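Participant: give me a model of this one.
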Amino acid sequence: MKKLLTLTLLFFWTTGTFAQNRPPLERIISVKISNERLDNVLKGISNAGNFSFSYNPDEISIEKKISVNAQNQSVREILSDIFANTISAKNRENYIILKKTTEEPQKDFFVMGYVSDGETGLKIEKASIYEPITLASTVSNQYGYYRLKLPKDLNNINLLVRKQSYRDEKILLRNKQDKVLNIKLLATKSFPKIDTIIRLISFKIDSLPNKKLDSLPIILPSTAKIERIESKDSVIIEPQKFDYKEQWENTKEKLQSTQNRFLDWLVTTKQNIHLDNIQDTIYRPVQISFLPFIGTNHYLSGNVINNFSFNILGGYSLGVRTLEVGGILNIVRGKVNGIQASGFANLVGQDMKGIQVANFGNVVGRNVYGVQAAGFGNINFGSTSGIQSAGFGNAVIKNFNGIQASGFGNLVGRDMKNSVQAAGFGNAVIGNGIGVQAAGFGNFVGRDFKGIQVAGTVNFVGETFSGLQISLFNYAKNARNGYQIGLINYAGESNALPIGLLSFVRKGGYKRLEMNADEVNWFNLTFKTGVKRFYNILTAGYNFGFANKPDFSLGYGLGTAWKLNRTFWLNFDLVSSHIQQNNNDWNLNQHTKASLGLEIHATKHFALFVAPTLNFMASNESGIDLGKLNNWKISEKQGYYFGQRANLTSWIGLQGGIRVF
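Facilitator: Next comes the predicted model:
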C-alpha cells in the first residue's frame, strides 16, 4: 500500500512539474463544469492548470453562467471556446492576462489556431502557414500554435499550409474577421527504403539456370597475415606520399561546408523552416529589403523570384531575372540572370548568367556564364565560361573557359579549355589545360596541357605537355612537342626541344659521360645531357701537374648529335672554358672550342670517339704548350677581348676518348 501511494504521489508530482514547464496557455487539462458563473469557471480552469488568471472584472461579465466540457485540451482552446474573439489571452510567467479586444475598425485581422496530425491528433510544430499574395507568413510553435496577421482589403484570401512529410493544404477564408482556425494535416505515405526493398526480394538459387551459376563470383574468405617484428630497429617506416588530388577533394568539401555554414548564419531560423517546408516558387516583379529577413518579400524571401531586387543593406531571395543592387550583401538561393552589384559580396546558390560586381567577393554555387569582378576574390563551385577578375584570387571548382586575372592566384579544379590565366603569384589547373598561363612565381597543371606557360620561377605539367614553357625551372612528365626554355628543364619523356643551362630527360633523352684528352688537357671529364637535337655540356680538365700545362679548366657548352646508323653518330659541340694557369689569380684565359666528332658504338652503353677541333684562346698570360700541334696554329696576335688587352690565338686541334651512356 505504501508503494502504491508513493507511485501515485510521484505521478502527480511529475505531471505537475511537466505542466509548469509549459506556458499556461499551452497546458493540457480536462474540466467539466455545468451552468456555473464565469469567475468560478475561470477558477476551476486555473486550478486544473496550476496557474492564475489576471483580468479586470469590469471588462468581463463574470456573473454570466456557462458550461464547459473539455477533455485533454489546451487552455488556449478552452478560452477560445468560452470567449470566441471578444477576449485576448496572453502568457506572463505563471499568469494568463485576459483583456477585452478593441471594437474599433481594424485594417487587419488575425487567423489563429493549432496545426495537428489528422490521424493521431498530435500537435505539429514548425509548419509553414502563408498567404501567397501579400507573402504574410508564420510558423507553428513547439505546441503547434500559430497566429497570422492578414489585411482585410485583400480579395480571395487563400491560406497555404506546408510541412515536410505532410500533404499540402489550401484553405479559403471567406469571413475577414479574427477567427480560430484549427488545421489538420494528413501525412504522406512513405516508401520503404532501398535496403528494405532488397530484403523483401528473395529467390532460390536452384531456380536459376546452370549457366548463370557458373558466372557467379566466387567469394573467398579474407585472411590477414600477421608478421612478427623482431625489434624496433627492423621496423621500416615509409614516408606517406602526398596525393594532391585527394587533398584537393578534401579542400572542395571544406569550401562547400564553409559556404553552407555561412548561409545558415545569415538566414533566420524562421526562413530556414520555410525553406524546408515550402517547395512553391513565387514570382514578384520588384522587391525592396533592408536586411535578408526585413523587406517586401518578408520571411518567404527564399521562395520568391524577382525581376528587380534592391537591398539597402542585404537581401535574400530565390532568384533574380534582371537586376539586383545591394549596399552590403546580396544572397540568392537559386539563379541570377542579369546584373548583380554589391558593396561587399554577392552569394548565388545556383547558376549565374550575366555580370557580378562586388567590392570584396562573389560566390556562386554552380555555373557562371559572364563576367565576375571583385576587389578580393571570386569562387564558383560549378563550371565557368567568361571572365574573372579579382584583386587577390579566382577559383573555379569545375571546368573553366575564358580569362582569369588576379593579383595573387587563379585556380581551376578540373579542366581549362581555350583560356588565359594571369596572376601576380601563381596559376593552377588540377585537370587538363589548353591556353596560356602567365604568373610571377609559377604555373601548375595536374594532367595534360597544350599552350604557353610563362613564369618567374617554375612551370609544372603533371602529364603530357605540348607548347612552350618559359621559366627558371620547367617540368613535364611527357614533353610531346614544343619548347622548354629555362635555367633547368626536366621531362620524363620528351620530343620537345629543351633550351637552357641544364636539361634532363629521364627516358629517351641524350646522356653521355665522356673521358677524353686534347692538346690543352691530358684528362677531361665531360657530361652531356638533354636531347640529341640540343644538349648541354659540363666539362672539367686536369693535367696532374705537368710542366707548361694549366692546372685545370672548367667549361660549359652546347651541342647537337645526328644518328647515322646503329653504330655511327656525329656530334657538333661548342664549349667555352676558363683555363687556370700556374698561379692563384683568375686572370683572363678563355678557351673556346668547336668540334665535329665521330662516335663509334662498341656496345649498347659504350662508345669511342675522335673529333678534330677549331680553337680560339684569349689570354693576358703566356701561351700554353700545344706540343706537336704547336705548328698547327692559325694565327697569334695582340688584340682586345671584350675590352681587355689580350693575346689572341687560334689553332686546329684534336681530341678523342670514350663515352658511357
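
Participant: check which helix or strand covers the closest residue to K179 other than its chain neighbours.
Facilitator: In space, K179 comes closest to V111 once its chain neighbours are excluded; the distance is 6.0 Å by Cβ to Cβ, 6 or more residues apart in numbering. The way it works is simple: take the backbone N, C-alpha and C, and place the C-beta from them, glycine included. Secondary structure from DSSP states H and E places V111 in strand 108-117.

Participant: which is the next helix or strand following that strand?
Facilitator: Downstream of strand 108-117 (by DSSP H and E), the next one is strand 128-130.

Participant: quick one: strands adjacent to that next one?
Facilitator: Here strand 128-130 is paired, per DSSP bridges, with strand 137-139 (antiparallel), strand 157-162 (antiparallel).

Participant: who touches the shortest one?
Facilitator: It refers to strand 137-139. Contacts of strand 137-139 with the rest of the structure, by Cβ atoms under 8 Å, 6 or more residues apart in numbering, involve 126-131, 146-148, 270, 273-274, 298-300.

Participant: PyMOL command to pick out the buried ones of these?
Facilitator: Those of the contacts of strand 137-139 that count as buried under 16 or more other Cβ atoms under 10 Å are selected in PyMOL with:
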select buried, resi 126+127+128+129+130+131+146+148+270+273+274+298+299+300
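
Participant: show me where pLDDT drops low in the chain?
Facilitator: The chain contains residues with pLDDT under 70 at 1-20, 103-105, 190-268, 582-584, 622-624, 627-629.

Participant: in the longest strand anywhere in it, what counts as buried?
Facilitator: With secondary structure taken from DSSP state E, the chain has its longest strand at strand 458-494. Buried positions in strand 458-494, judged by neighbour count with 16+ other Cβ under 10 Å: 458-471, 473-480, 482-486, 488-494.

Participant: ok, back up a step: I'd like to know which of the strands paired with strand 128-130 lies nearest to D448.
Facilitator: strand 157-162 (49.8 Å; Cβ to Cβ).

Participant: which other helices and strands contact the next helix or strand after the closest one?
Facilitator: Using DSSP H and E, the helix or strand that follows strand 157-162 in sequence is strand 169-173. Secondary-structure packing of strand 169-173 (3 or more Cβ pairs under 8 Å, 6 or more residues apart in numbering; DSSP states H and E): strand 157-162, strand 183-185.

Participant: could you give the angle of strand 169-173 to strand 108-117?
Facilitator: Angle, strand 169-173 to strand 108-117, by axes from the mean of the first three to the mean of the last three Cα atoms, to 10 degrees: 150 degrees.

Participant: mind listing what's buried along the strand holding V111?
Facilitator: For strand 108-117, by 16+ other Cβ under 10 Å, it's 109-117.

Participant: so what touches that strand?
Facilitator: 74, 77, 122-124, 127, 129, 140, 143-152, 159, 161, 163, 173, 176-185, 187.

Participant: now stretch 386-393, how far from the centre of its chain.
Facilitator: 16 Å (Cα atoms, centre = their mean, to the nearest Å).

Participant: nope, stretch 554-569 is what I was after
Facilitator: The answer for stretch 554-569 is 50 Å, by Cα atoms, centre = their mean.

Participant: do stretch 428-447 as well
Facilitator: Counting by Cα atoms, centre = their mean, stretch 428-447 is centred 17 Å from the centre of its parent chain.

Participant: pull up the distance across that stretch, start to finish.
Facilitator: Stretch 428-447 has its terminal residues 11 Å apart, counting by Cα to Cα, to the nearest Å.

Participant: picking up where we left off before, between all of the contacts of strand 137-139, which two are separated the most?
Facilitator: That would be K126 and E131, which, of these, are the farthest apart (Cβ to Cβ) at 18.4 Å.

Participant: got the contact list for the closest residue to I157 other than its chain neighbours?
Facilitator: Leaving aside its sequence neighbours, I157 sits nearest to L173 (Cβ to Cβ, 6+ apart; 4.2 Å). When contacts are counted by Cβ under 8 Å, 6+ apart, L173 touches 111, 150, 157-159, 181.

Participant: now, of those, which are buried?
Facilitator: Neighbour counting by 16+ other Cβ under 10 Å classes 111, 150, 157, 159, 181 among these as buried.

Participant: nearest to L501, of those?
Facilitator: The closest of the buried ones among the contacts of L173, once distances to L501 are taken by Cβ to Cβ, is L159, at 79.5 Å.

Participant: would you confirm that G407 contacts F392?
Facilitator: Yes - G407 lies in contact with F392 (Cβ atoms under 8 Å); the separation is 5.8 Å.

Participant: on that earlier part again, now render the buried residues of strand 108-117 as JSON lines, adding distance to V531.
Facilitator: Shown next, in JSON lines, are the buried residues of strand 108-117 (distance: Cβ to Cβ, whole Å):
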{"residue": "F109", "distance to V531": "88"}
{"residue": "F110", "distance to V531": "86"}
{"residue": "V111", "distance to V531": "84"}
{"residue": "M112", "distance to V531": "85"}
{"residue": "G113", "distance to V531": "85"}
{"residue": "Y114", "distance to V531": "83"}
{"residue": "V115", "distance to V531": "78"}
{"residue": "S116", "distance to V531": "82"}
{"residue": "D117", "distance to V531": "79"}
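
Participant: max pairwise distance over the residues you listed: which two?
Facilitator: Greatest spacing in the buried residues of strand 108-117, by Cβ to Cβ: F109 and D117 (27.1 Å).

Participant: how about the CA coordinates for the one helix or strand K593 maps to, as CSV?
Facilitator: Under the criterion of DSSP H and E, K593 resides in strand 589-603. Provided in CSV are the C-alpha atoms of strand 589-603 (Å, rounded to 0.1, in the frame of the first residue of the first chain):
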residue,chain,number,x,y,z
ASN,A,589,92.3,32.7,-70.0
GLN,A,590,89.3,31.9,-72.1
HIS,A,591,89.3,28.9,-74.4
THR,A,592,86.6,28.4,-76.9
LYS,A,593,86.4,25.2,-78.9
ALA,A,594,84.2,23.9,-81.7
SER,A,595,84.4,20.2,-82.6
LEU,A,596,82.9,17.8,-85.1
GLY,A,597,83.3,14.3,-83.9
LEU,A,598,82.6,10.7,-85.0
GLU,A,599,81.1,8.5,-82.3
ILE,A,600,81.5,4.7,-82.8
HIS,A,601,79.3,2.4,-80.6
ALA,A,602,81.2,-0.6,-79.5
THR,A,603,78.4,-1.9,-77.2
